[in-house]
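S.K.: Prediction below, plus the sequence it came from.
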There are 4 protein chains.
Amino acid sequence: MEPLKEIPVLDKGFVRLVEAMGDDGAIVQAARVSYGEGTKTVREDAALIDYLMRHRHTSPFEMVEFKFHVKAPLFVVRQWFRHRTASVNEISGRYSVLKEEFYEPRAWRRQARRNKQGSEGEVADPEALALLQGVEGEAYRAYRALLERGIAREMARMVLPLNLYTEFYWKQDLHNLFHFLALRLAPEAQWEIRQYAEAIARLVKERVPLAWQSFEEHVLRGAHLSRTEL
Amino acid sequence: MEPLKEIPVLDKGFVRLVEAMGDDGAIVQAARVSYGEGTKTVREDAALIDYLMRHRHTSPFEMVEFKFHVKAPLFVVRQWFRHRTASVNEISGRYSVLKEEFYEPRAWRRQARRNKQGSEGEVADPEALALLQGVEGEAYRAYRALLERGIAREMARMVLPLNLYTEFYWKQDLHNLFHFLALRLAPEAQWEIRQYAEAIARLVKERVPLAWQSFEEHVLRGAHLSRTEL
Amino acid sequence: MEPLKEIPVLDKGFVRLVEAMGDDGAIVQAARVSYGEGTKTVREDAALIDYLMRHRHTSPFEMVEFKFHVKAPLFVVRQWFRHRTASVNEISGRYSVLKEEFYEPRAWRRQARRNKQGSEGEVADPEALALLQGVEGEAYRAYRALLERGIAREMARMVLPLNLYTEFYWKQDLHNLFHFLALRLAPEAQWEIRQYAEAIARLVKERVPLAWQSFEEHVLRGAHLSRTEL
Amino acid sequence: MEPLKEIPVLDKGFVRLVEAMGDDGAIVQAARVSYGEGTKTVREDAALIDYLMRHRHTSPFEMVEFKFHVKAPLFVVRQWFRHRTASVNEISGRYSVLKEEFYEPRAWRRQARRNKQGSEGEVADPEALALLQGVEGEAYRAYRALLERGIAREMARMVLPLNLYTEFYWKQDLHNLFHFLALRLAPEAQWEIRQYAEAIARLVKERVPLAWQSFEEHVLRGAHLSRTEL
Ligand SMILES: Cc1cc2nc3c(=O)[nH]c(=O)nc-3n(C[C@H](O)[C@H](O)[C@H](O)COP(=O)(O)OP(=O)(O)OC[C@H]3O[C@@H](n4cnc5c(N)ncnc54)[C@H](O)[C@@H]3O)c2cc1C
Ligand SMILES: Cc1cc2nc3c(=O)[nH]c(=O)nc-3n(C[C@H](O)[C@H](O)[C@H](O)COP(=O)(O)OP(=O)(O)OC[C@H]3O[C@@H](n4cnc5c(N)ncnc54)[C@H](O)[C@@H]3O)c2cc1C
Ligand SMILES: Cc1cc2nc3c(=O)[nH]c(=O)nc-3n(C[C@H](O)[C@H](O)[C@H](O)COP(=O)(O)OP(=O)(O)OC[C@H]3O[C@@H](n4cnc5c(N)ncnc54)[C@H](O)[C@@H]3O)c2cc1C
Ligand SMILES: Cc1cc2nc3c(=O)[nH]c(=O)nc-3n(C[C@H](O)[C@H](O)[C@H](O)COP(=O)(O)OP(=O)(O)OC[C@H]3O[C@@H](n4cnc5c(N)ncnc54)[C@H](O)[C@@H]3O)c2cc1C
């Protein structure tokens, strides 16, 4: 089977794996330096990785590195770049004329009743899309008009709304990638960034199947209990 | 003289010093741990700080910490949060209804002819402001309309443009603050973020006058020569 | 009651709180920026802090900062400085002549039978101490002899053993301090660094009692269950 | 020509390149995302890399990653691990019995007269080596004796001196690697860590020749002038 490379996300975005360094073997190799031991069987590798994950020995997971090329709307990227342990290069709206590409959701969600930060349900609301497209259109026309008047790109872009698409390179080690996924695959995360997290998860899983399995078992599907819940 | 606390920036923004830890004395104190020596005169403190700055002994400058409350437009904040060594808390557009406050520049700048990433000059262009205000108005009306239709705040905000104001707390140590200022006070930085950097510089200068003097002398007003320029 | 300032640790070491920025109120203040809300009662503050800790909203805890002065043996410091999110200034063995101060344990522990990385029990072994003191004495005499022959301090110190005491300043934010404590208060941590972690815990607890309570409830005394354990 | 892989350093140490991700092309690729442009000629790549280095656009250099396996004496590793932007896995003296391998310098250096933190000259001093070997021998005998008495490895190792060899994996991105090299290739750095920095430099240079050239030109062989020196 051909390895996955690029996964479409939302209506116009994508996540593309540019390159990676290391795999399950690299985690084991780094951990074994600590314990002064050589190579072992796959079964033992799986057990060691599981042990490391369960006991939060996170440093060996930092030894694997991923680099992605991502296209996503600005409001998603604003959430994404709050994760500070990655390296980033984004397209510059000061340098380039930004393209007329906006995220247009297929379905709308209601404000959640219980979680004040969340959303729920699905709303069939053709009006909502029309409102969004109205703003997009006017904003992009104003952008072009400002550029034509000679206004600097860095100023003209101020009129563009948060559903505009942008692109960036993103490099992250596996430990912090798992942390990103734990936060952004969670139901509290906004649905849109969750779609990106899921695409990344698929690419990561393929590259480090043993580490992924342990991550799923102990972190993603695990639970944290407080003293009084024990 | 009353110490500065809050400085207005742009048309509706500000930088406010919330609290700080340490001052010039804390830099000297940490450096003297390394050298196993006690307190000295102010003159000697100034000389030591200058020595540390000149020789890029940056760790003692990390011993001073600043916390600011900032109100700035989104496009400025997008540049700001690329600095990963700070701690941040920003108002949540998923949780709160965002206020109708937009940055409206007093003057417009042209696309620079030489620096493709920059701007230059000042343009008296009443049309430009009208275009901007047109988009703002329509965008905010759409935002309100979407909210009234019950659409989740996290989705409705997608229509809002990049000149919308937001607020955040920002905590940073002095070494990385100087690094931020070196990059964001530079003429290549966009004029708007430079205004914030200048406000922050004023607050910092007041708190650590000796460190500021050395930073200005060796970094801000210094220059880097390549081998072939020497 | 006078606030704690300096706590003796091991036979000759200490942890001293140099300064701190922020307290429980600062956590709440930063979190409320996100939610766009003002001050509340202490009861509501406690509930908010507990909510943040339970849901791993870690960024508001980064808003509190601690600075300690520590004296500890080299083998402890080697473990300590693997925590990379802190700022450090340590006494320089290249610059200063190091003092003849060595950690001499009051009790010795056996190699653990089950945990290959641990120790257990207590051994009354007067011979062990004699062996240690023998090496210390000879090492420090060699150190002095090398210095007297004009050998550079940076080379002479090579003969000194890992139980030598050193001193450093250590600055860390509360989120990462809790992470340090979670790892270094755990039974798997070496007994000696645990003593330092406990001293730091006492100083931290006094400063941020509400955050400490939540940390204890949800992290220190909580437990993590894997999918198959649920 | 076979690419270099492992370089012996000091009397018993080494630096080995385990793997790397990206090369000069990866720097250019990430930078071009920012500028929205595609591939170019090698000549243009070299010019772009040089531009990025000269203007301290450091983020594209973070897109290249190196992983090394290193064997070095403890006093060198203590300096090394102060660089916090790397990922590390070191052999555990709690888990394994440490080998009897000590750094024995071929030549000794005097305390520098001007730089209180440095050394200078070369001293032919057979006595110095004898003193060092005396301590090593006694320390290692004590270490073995303690282990034989059943004392835990984590305690027994306290007697071992700072010239003991250890091993670790070290992963670092190119921007921070250059920063490490700028500090550790400098004449102020201790001679021993400089030998490691030089070995690493050779391995890096081979992988990213264009970036290395710019680093050498603008950073390593460049100079910083203060305002009053201009
Ligand atoms: C004039 C100007 C133009 C710019 N144009 C663009 C552009 O077109 N596209 C674009 O994407 N960006 C652009 N940037 C942003 C730039 O690339 C940096 O992201 C930003 O300036 C932050 O700088 P920094 O990384 O040095 O600071 P910080 O993130 O605060 O980092 C300071 C130092 O800490 C270390 N560090 C911190 N976090 C990490 C980490 N996760 N990994 C490794 N090391 C770390 C590094 O040594 C770093 O140098 C521009 C910046 C300026 C000033
Ligand atoms: C559902 C959800 C809701 C959110 N709501 C809000 C909100 O309302 N307002 C808001 O401001 N943010 C919000 N966030 C963002 C959140 O506060 C974090 O900024 C973001 O999730 C990144 O997480 P992180 O800090 O753990 O990751 P990273 O930045 O990748 O850091 C990982 C770890 O590295 C260490 N670290 C890295 N950089 C630093 C540094 N500079 N200083 C100290 N330690 C560092 C810390 O130990 C940190 O835990 C939300 C996030 C989620 C998932
Ligand atoms: C010749 C020489 C003499 C020295 N003498 C002494 C001495 O006497 N005493 C002593 O204690 N040290 C000494 N040092 C060590 C020095 O203080 C630094 O700790 C070390 O060089 C690592 O440098 P760095 O912090 O720039 O690198 P890194 O830790 O790799 O950091 C690179 C950059 O990333 C950012 N960064 C990374 N982590 C953090 C963090 N946790 N918080 C904030 N910003 C972060 C900063 O911008 C930093 O500049 C000496 C170093 C040299 C080269
Ligand atoms: C009981 C015990 C046994 C141990 N045994 C060994 C051993 O045998 N061998 C060994 O080598 N170590 C060992 N360690 C050390 C361990 O691997 C960690 O290095 C150490 O505990 C620091 O933890 P940290 O990385 O979570 O903390 P910090 O370095 O403070 O980092 C906190 C978080 O910040 C982020 N972060 C900070 N800096 C970086 C960076 N440069 N790159 C990426 N992310 C970053 C990560 O998200 C990280 O989780 C042991 C630790 C313990 C507690």
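M.R.: That came through, no problem. Ligands and ions are numbered 1, 2, ... in the order given.

S.K.: what residues are up against the residue lying farthest from the centre of chain A?
M.R.: Distance from the C-alpha centroid of chain A, by CA atoms, centre = their mean, peaks at A:Arg149 (37.2 Å). Applying CB atoms under 8 Å, 6 or more residues apart in numbering or on different chains to A:Arg149 gives the contacts B:123, B:125, B:127-128. Placement of C-beta: from N, CA and C, glycine included.

S.K.: So which of these are in strands?
M.R.: Using DSSP state E, the subset of these located in strands is B:Val123.

S.K.: what's the pLDDT at the residue farthest from the centre of chain A?
M.R.: Reading off the confidence values, A:Arg149 has pLDDT 95.

S.K.: Just give the nearest non-adjacent residue to the most centrally placed residue in chain A, would you?
M.R.: Chain A has A:Ala197 as the residue nearest its centroid, 4.1 Å off, counting by CA atoms, centre = their mean. Using CB to CB, 6 or more residues apart in numbering or on different chains and skipping the chain neighbours, the partner closest in space to A:Ala197 is A:Arg184 (3.9 Å).

S.K.: how many other residues sit next to the one you found?
M.R.: 22 (other CB atoms under 10 Å in any protein chain shown).

S.K.: before we move on, the earlier item: the residue nearest to the centre of chain A: which element?
M.R.: Assigned by DSSP states H and E, A:Ala197 falls within helix A:191-207.

S.K.: For that helix, what is the distance to the chain centroid?
M.R.: Remark: helix A:191-207 is offset 7 Å from the chain centroid, using CA atoms, centre = their mean, to the nearest Å.

S.K.: cool, and stretch A:124-131?
M.R.: Worked out by CA atoms, centre = their mean, stretch A:124-131 lies 27 Å from the chain centre.

S.K.: What of stretch A:142-161?
M.R.: Worked out by CA atoms, centre = their mean, stretch A:142-161 lies 29 Å from the chain centre.

S.K.: Can you point out the buried residues in the longest helix seen in chain A?
M.R.: If you go by DSSP state H, chain A has its longest helix at helix A:126-148. With burial defined by 16 or more other CB atoms under 10 Å in any protein chain shown, the residues of helix A:126-148 counted as buried are A:128, A:131-132, A:134-136, A:138-140, A:142-143, A:145-147.

S.K.: Can you pull the residues of chain A lying near chain D?
M.R.: When proximity is defined by CB under 8 Å from any CB of the partner chain, chain A lies next to chain D at A:18-22, A:26, A:29-31, A:33-36, A:59-60, A:62-63, A:65, A:67, A:69, A:87-92, A:95-96, A:167-169, A:171, A:173.

S.K.: The same query, at a cut-off of 7 Å, please.
M.R.: A:19, A:21-22, A:30-31, A:33-36, A:59-60, A:62-63, A:65, A:67, A:87-92, A:95-96, A:167-169, A:171, A:173 (CB under 7 Å from any CB of the partner chain).

S.K.: show me which of those residues neighbour chain C.
M.R.: Near chain C, by the rule CB under 7 Å from any CB, you find none of those.

S.K.: Out of those, name the ones that lie in helices.
M.R.: A:30-31, A:33-35.

S.K.: Which pLDDT value belongs to A:Glu37?
M.R.: Taking A:Glu37 on its own, its pLDDT is 73.

S.K.: Kindly indicate which of the ones in helices among the residues of chain A next to chain D lies nearest C:Glu6.
M.R.: Taking CB to CB as the measure, C:Glu6 sits nearest to A:Ser34 out of these, at 34.4 Å.

S.K.: The closest one and ligand 4, how far apart?
M.R.: 3 Å (CB to the nearest ligand atom, to the nearest Å).

S.K.: Excluding residues flanking it in the chain, which one is nearest that residue?
M.R.: D:Ser92 (4.8 Å).

S.K.: In contact with the one you found, which residues are there?
M.R.: Going by CB atoms under 7 Å, 6 or more residues apart in numbering or on different chains, D:Ser92 touches A:34-35, C:117.

S.K.: Next: A:Leu74.
M.R.: If you count contacts by CB under 7 Å, 6+ apart, then A:Leu74 has A:162, A:164, A:166 around it.

S.K.: and if we set it to 8 Å?
M.R.: The contact partners of A:Leu74, by CB under 8 Å, 6+ apart, come to A:160-166, B:78, B:162.

S.K.: quick one: strands adjacent to the helix or strand of chain A with the lowest mean pLDDT?
M.R.: Least confident helix or strand of chain A, by mean pLDDT, DSSP states H and E, is strand A:119-123 with a mean of 88. Sheet pairing for strand A:119-123, assigned by DSSP bridges, gives strand A:108-111 (antiparallel).

S.K.: and stretch A:182-192, what's its mean pLDDT?
M.R.: Per-residue scores along stretch A:182-192 average to 97.

S.K.: is any part of it close to ligand 2?
M.R.: Yes. Using CB under 6 Å from any ligand atom, stretch A:182-192 reaches ligand 2 at A:183, A:188-189.

S.K.: List the buried residues of that stretch.
M.R.: A:182-185, A:189-192.

S.K.: before we move on, what about stretch A:118-126?
M.R.: Those buried within stretch A:118-126 under the rule 16+ other CB under 10 Å are A:118-119, A:125.

S.K.: closest to ligand 3 among the residues you listed?
M.R.: Checking the buried residues of stretch A:118-126 against ligand 3 with CB to the nearest ligand atom, the nearest one is A:Gly118 at 33.0 Å.

S.K.: got the contact list for the closest one?
M.R.: Here A:Gly118 is in contact with A:112, A:188, B:94, B:152, B:154 (criterion: CB under 8 Å, 6+ apart).
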